[in-house]
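**Q** quick one, what's the 3D model for this:
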Amino acid sequence: MNTIQRIAKNTAALTLMSIVTMVLGLIFTVSLARYFGDAAFGKYSFALAFTALFAVFMDLGFNQLTIREVARDKRLAKKYMGNILVIKLFLSIIFFVFVVTAVNLMQYPSDTKMIVYIFGASTILTSFGGLFRAVFHAFEKMEYDSLLTIIRQIVVVSIGLTLLFLGYNLLQVVSVYLIGGVVDIAFSSLVMVKKFAKPEFELDFAFWRSSFTNAIPFGLTTIFVIIYVRIDTIMLSMMVGDAPVGWYNAAVTLVLGLTFIPSVFLGAVFPVFSKFYTSSINSLKNAYEKAFKYLFIILFPIAVGTTLLADKFILLIYGTQFIHSVIALQILIWWNVFGALNWLLGTVLLSINKQKLFAVSTGIGAIFNVIANLFFIPIMSYVGASIATIITEILLFVLLFYYVSTDLYRLPLLKVTVKTIVAGIVMGVCIYYIQSFNVLMVVAIAIVIYFIALVSIGGISEEDITLIKGGIKRV
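**A** As a prediction, the model looks like this:
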């Protein structure tokens, strides 16, 4: 099996399993929103964003560093596990104390604080599991990560929905995330020890210093990304209240549900990119161009279709109480396109040891996003937050594309995207004329029209079809 086919195999396997996870998570989140309403869903969304904002300080880039270094030398797995687990223990204590202190200083209602505490504790548990899953990725065995994620999600969703339908309150329902965290760390540690390597616990302070130095650029990048992804929810909560936060995050939830596509794909290519950098630059350039092309082929038509059918999706999924979410979804769906491409560009920079450039770019994006939110939210509320997000992603794309073009390879952007754009426009015109039909029928017709148009104008080559078939056969 060659490298491109191995990427296709890993991506296909992760995609199949991640779809299950995404659907389960979406069912649970939508059920919470419909049952408890926009204001309560706003509290839930704030707590999730608030803990996520500080959770990156438990990782500080160690997971990404582990993937890169262990992918290059599998013998380092025990060393990284044994030391970084100890580091994370100290960081998790600092994280929880900081979260509890910060949310109390902000004087939120007691129920909101308790939800934050629950998410904080569950985040600590999943952070340890995340380090084990980093090793799975380094060994290019992503199926273990996906399987464990599905198990955790089934536990959370099944128990959560049961409590929901039995009439328990929001605080009691979200407590299932603690159970999910316990399941995560228990199963991931078991697989780690049985299938890969047993951690060798030690206090190698020289290794700690080296790891901190090498991981910080990864960590800063993650911190900056989390800021511009989550800060809007926190700012909305502080500036306009719970209901607009609920409307905004109803759209965000649907968009984030689609991130499994770039997530599993880029999770599969990162270790490969890292190895190519030390073995074959031409192979890295080729893999980068293919990855960009395939992501755009998948995500551009989704954005076009969602923009035209946003009202139907919101009413079908959330009901009339969330009708205000329509315009947010029409804007934020383009975040999925630019966000995924930025993720790819960042992955390339990380693979070629240019993580500092990635960190600088995301830092600029984070600062710009905060300023944009301060400007747009007072004027346009949650719609302003949506606009600020898209403008930030476009700015970040320009920066990252420039850095990758300068340090590795200037992608022929028009050549790679123009046929997909044409096929997407053809699909969009057809959707416009048949949008009065049943929404599921419209989606089915649109998919067929898009791929017929794409194949007809040569947007997918015989090589692409061969790679896709090869990946599917190896799942």
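**Q** so where does residue 311 fall, helix or strand?
**A** Element membership of residue 311, judged by DSSP states H and E, is helix 281-317.
**Q** okay, buried residues for that helix please.
**A** 283-285, 287-288, 290-306, 308-314, 317 (16 or more other Cβ atoms under 10 Å). Yep, even glycine has a C-beta here, placed from its N, CA and C like the rest.
**Q** other SSEs contacting it?
**A** For helix 281-317, the packing partners by 3 or more Cβ pairs under 8 Å, 6 or more residues apart in numbering; DSSP states H and E come out as helix 3-55, helix 242-257, helix 260-279, helix 325-351, helix 413-434, helix 439-456, helix 462-473.
**Q** what's the distance between that helix and the middle of its chain?
**A** 14 Å (Cα atoms, centre = their mean, to the nearest Å).
**Q** over to stretch 138-152?
**A** With Cα atoms, centre = their mean, you get 15 Å for stretch 138-152.
**Q** of the helices and strands packed on helix 281-317, which approaches residue 65 most closely?
**A** Across these, the minimum distance to residue 65, taken as Cβ to Cβ, is reached by helix 325-351, at 9.4 Å.
**Q** any idea of the mean pLDDT for that closest one?
**A** Taken as a whole, helix 325-351 has a mean pLDDT of 90.
**Q** likewise stretch 238-258?
**A** 85.
**Q** just the buried positions in it, please.
**A** 239-240, 242-258.
**Q** for residue 334, give its distance to residue 257.
**A** According to Cβ to Cβ, to the nearest Å, residue 334 and residue 257 sit 15 Å apart.
**Q** now residue 399: which helix or strand?
**A** With DSSP H and E as the criterion, residue 399 is inside helix 355-407.
**Q** could you give the angle of that helix to helix 325-351?
**A** Angle, helix 355-407 to helix 325-351, by axes from the mean of the first three to the mean of the last three Cα atoms, to 10 degrees: 80 degrees.
**Q** tell me what helix 355-407 is packed against?
**A** Helix 355-407 packs on helix 205-239, helix 242-257, helix 325-351, going by 3+ Cβ pairs under 8 Å, 6+ apart.
**Q** out of the ones you listed, which gets nearest to residue 272?
**A** Judged by Cβ to Cβ, the one of the helices and strands packed on helix 355-407 that comes nearest to residue 272 is helix 325-351, at 8.5 Å.
**Q** so how far is the closest one from its chain's centroid?
**A** Worked out by Cα atoms, centre = their mean, helix 325-351 lies 9 Å from the chain centre.
**Q** quick check: buried residues in that helix?
**A** 325-351.
**Q** helices and strands around that helix, which ones?
**A** Partner elements for helix 325-351 (3+ Cβ pairs under 8 Å, 6+ apart): helix 62-72, helix 205-239, helix 242-257, helix 260-279, helix 281-317, helix 355-407.
**Q** so which of these comes closest to residue 24?
**A** helix 242-257 (10.5 Å).
**Q** what is the closest one packed up against?
**A** Checking 3+ Cβ pairs under 8 Å, 6+ apart, helix 242-257 ends up next to helix 3-55, helix 205-239, helix 281-317, helix 325-351, helix 355-407.
**Q** output the below-cut-off pLDDT ranges for the stretch 51-200 of the chain.
**A** Per-residue confidence for the stretch 51-200 of the chain (pLDDT under 70) gives these ranges: 73, 197, 199-200.
**Q** just the helices in it please.
**A** Assigned by DSSP state H, counting those that start in this stretch, the helices in the stretch 51-200 of the chain fall at 62-72, 77-105, 110-138, 142-165, 170-174, 176-191.
**Q** enumerate every residue touching residue 253.
**A** Contacts for residue 253 (Cβ atoms under 8 Å, 6 or more residues apart in numbering) come out as 26, 29-30, 33.
**Q** looking at these, which is nearest residue 450?
**A** residue 26 (22.7 Å).
**Q** contacts only, for that closest one.
**A** Counting by Cβ under 8 Å, 6+ apart, the residues that residue 26 touches are 253-254, 257.
**Q** cutoff 6 Å now
**A** Contacts for residue 26 (Cβ atoms under 6 Å, 6 or more residues apart in numbering) come out as residue 257.
**Q** need the per-residue pLDDT for it.
**A** With respect to pLDDT, residue 26 has a value of 84.
**Q** before we move on, back to that, out of the helices and strands packed on helix 355-407, which is closest to residue 121?
**A** helix 205-239 (18.4 Å).
**Q** may I see the buried residues of that closest one?
**A** 207, 211, 214-237, 239.
**Q** which strands and helices sit next to that helix?
**A** helix 3-55, helix 62-72, helix 242-257, helix 355-407 (3 or more Cβ pairs under 6 Å, 6 or more residues apart in numbering; DSSP states H and E).
**Q** turn those helices into a markdown table, including distance to residue 176.
**A** Output for the helices and strands packed on helix 205-239, formatted as a markdown table (distance: least, Cβ to Cβ, whole Å):
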| stretch | distance to residue 176 |
| --- | --- |
| helix 3-55 | 9 |
| helix 62-72 | 24 |
| helix 242-257 | 17 |
| helix 355-407 | 27 |
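**Q** skipping adjacent residues, who's closest to residue 262 in space?
**A** Ranked by Cβ to Cβ, 6 or more residues apart in numbering and with sequence neighbours excluded, the top spatial neighbour of residue 262 is residue 340, at 3.7 Å.
**Q** quick check, the one you found in contact with residue 263.
**A** No - taking Cβ atoms under 6 Å as the definition, residue 340 is not a contact partner of residue 263, at 8.8 Å.
**Q** which residues do the two both contact?
**A** Common neighbours of residue 340 and residue 263 (Cβ under 6 Å, 6+ apart) do not exist.
**Q** neighbours around residue 198, how many?
**A** If you count neighbours by other Cβ atoms under 10 Å, residue 198 ends up with 12.
**Q** please renumber so the chain begins at 500
**A** That works, and once the first residue is 500, the last one we named lands at residue 697.
**Q** how much space between it and residue 639?
**A** Look at residue 697 and residue 639: by Cβ to Cβ, they are 20 Å apart.
**Q** spit out the contact partners of the residue nearest to residue 761.
**A** Residues in contact with residue 839 (Cβ under 6 Å, 6+ apart) are 761, 794, 798.
**Q** by pLDDT, give me the weakest of the residues you listed.
**A** For the contacts of residue 839, the pLDDT minimum is residue 761, 76.
**Q** what's the spacing between that one and residue 722?
**A** Residue 761 is 20 Å from residue 722, by Cβ to Cβ.
**Q** what does residue 710 give?
**A** Distance from residue 710 to residue 722, by Cβ to Cβ: 17 Å.
**Q** of all the helices and strands packed on helix 854-906, which one comes closest to residue 570?
**A** helix 824-850 (9.6 Å).
**Q** how about the contacts made by the nearest residue to residue 538 once chain neighbours are set aside?
**A** The shortest distance from residue 538 to any non-neighbouring residue, by Cβ to Cβ, 6+ apart, is to residue 741 (4.2 Å). By Cβ under 6 Å, 6+ apart, the residues touching residue 741 are 538, 541-542.
**Q** follow-up on the earlier one: so which of the helices and strands packed on helix 741-756 gets nearest residue 561?
**A** Per Cβ to Cβ, nearest to residue 561 of the helices and strands packed on helix 741-756: helix 704-738, 5.0 Å.
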